[in-house]
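**Student:** Okay, sequence plus prediction incoming.
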Amino acid sequence: MAVSNIRILVENKIDSVTLSDSPTMVSTLSVENLQNSLRAKVARTTGIADQSILGDWSAPVSISGAAIWRTNLSDEGTWRLRLYDG
C-alpha cells in the first residue's frame with residue numbers, strides 16, 4: 001500500500017487533559033497510563049463491554065488529528081472520537 005501523505009503530530013494534547021473512564025479500568029493499569037509514553041505503561045479494561053475514556057481540558061484546545069497507538073483492537077473492534085465545544 002503506497003502512502004502519499006504523512007502527518008506528524010508534534011504536541012500530544014492528551015498530556016494536558018483530565019481523564020476519566022467508565023467503567024473503571026484495571027486499577028494497576030489505569031486510564032492515566034495513557035498520558036505516559038513508556039511502552040510498559042498501558043491501560044486495560046476490565047472486560048469486553050464498551051469502554052469510555054473522557055477527557056476534559058480546562059481551556060479550549062485545537063486538535064488536528066487523533067491516533068490510537070499500540071492497540072490490540074480486533075478487526076471487528078470500533079473506536080469513536082467525539083469532540084464537543086462547551
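**Tutor:** Structure received. Residues are numbered from 1 along each chain as shown.
**Student:** Show me where the chain dips below the pLDDT cut-off.
**Tutor:** Applying pLDDT under 70 to the chain flags residues 1, 3, 86.
**Student:** show me what contacts the residue lying closest to Val26 once chain neighbours are set aside?
**Tutor:** Computed as C-beta to C-beta, 6 or more residues apart in numbering, the closest residue to Val26 that is not its neighbour in sequence is Arg44, at 4.5 Å. Every residue, glycine included, has its C-beta placed from N, CA and C. By C-beta atoms under 8 Å, 6 or more residues apart in numbering, the residues touching Arg44 are Met25, Val26, Leu29.
**Student:** Where do the helices of this structure begin and end?
**Tutor:** With DSSP state H, there are no helices along the chain.
**Student:** Leu34: neighbouring residues, count only.
**Tutor:** Using other C-beta atoms under 10 Å, Leu34 has 20 other residues around it.
**Student:** Lovely, talk soon.
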